[in-house]
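Colleague: sequence unavailable; structure follows:
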């Protein structure tokens, strides 16, 4: 039996509250602070300023996804692949010959790994991810981050 689950782990609209509030440490990297509109989440994110520019008060959509496949991920039993990875193959290729995925709808995409979770006060948690050394912290209610799993790979996608 084929089952399809959503590959989108988190999706919200953020407003940049500050950029490099502790000073700029690297020439091509900035750290933004932002607050989400719908889920009241706090975000801190390092990003490459040569590839993507943001300014205080600017709004952007941030999505965390487990895969770039459109329409979800086929689970065990789908496409003859027990891990459900057959659908992931060739979603994005640098030669442009792969299938089009979620990355087509966004301006900035990073791939990384969730490396830590901290529990805070009441129902708040903080998820930490690293994207090749560019760090993200996302803090808020655990209800909005239930799909984010420690140790799992994750795609970060952004657009204005």
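Modeller: It's in. Keep in mind that this is a model prediction, so the values were computed, not measured.
Colleague: how far off centre is stretch 50-66?
Modeller: Taking Cα atoms, centre = their mean, to the nearest Å, one finds stretch 50-66 lying 10 Å from the centre of the chain it belongs to.
Colleague: can you list contacts of that stretch?
Modeller: For stretch 50-66, contacts defined as Cβ atoms under 8 Å, 6 or more residues apart in numbering pick out 7-19, 28, 30, 32, 34, 36-37, 43, 45, 47, 73, 102, 106-108, 129, 138, 147-148, 152-160. (C-beta placed from N, C-alpha, C; glycine too.)
Colleague: endpoints of that stretch, how far apart?
Modeller: Start-to-end span of stretch 50-66 (Cα to Cα, to the nearest Å) is 26 Å.
Colleague: buried set for it?
Modeller: Neighbour counts over stretch 50-66 (16 or more other Cβ atoms under 10 Å) mark 52, 54, 60, 61, 62, 63, 64, 65, 66 as buried.
Colleague: which of these fall in strands?
Modeller: Using DSSP state E, the members of the buried residues of stretch 50-66 that fall within strands are 60, 61, 62, 63, 64, 65.
Colleague: looking at those, which one is closest to residue 118?
Modeller: Residue 118 has its nearest neighbour among those in residue 64, at 16.9 Å by Cβ to Cβ.
Colleague: what residue ranges in the chain score low on pLDDT?
Modeller: Within the chain, the segments meeting pLDDT under 70 span 1-5, 72-99.
Colleague: ok now stretch 41-54, how far from the chain's centre?
Modeller: On Cα atoms, centre = their mean, the centre of stretch 41-54 falls 12 Å from the chain's centre.
Colleague: what's the first-to-last distance across that stretch?
Modeller: Its first and final residues considered, stretch 41-54 spans 18 Å by Cα to Cα.
Colleague: next one: stretch 23-33
Modeller: 13 Å.
Colleague: and the contacts of that stretch?
Modeller: Contacts with stretch 23-33, where a contact means Cβ under 8 Å, 6+ apart, come from 16-22, 42-50, 54, 134.
Colleague: same thing with stretch 102-110?
Modeller: Stretch 102-110 has contacts (Cβ under 8 Å, 6+ apart) with 7, 47, 51-52, 63, 65, 68-70, 92, 131-132, 134, 155-160.
Colleague: so which of these belong to strands?
Modeller: Per DSSP E, strands hold the following members of those: 47, 63, 65, 131, 134, 155, 156, 157, 158, 159.
Colleague: which one of the residues you listed sits closest to residue 123?
Modeller: Among the ones in strands among the contacts of stretch 102-110, residue 63 lies closest to residue 123 (Cβ to Cβ), at 22.3 Å.
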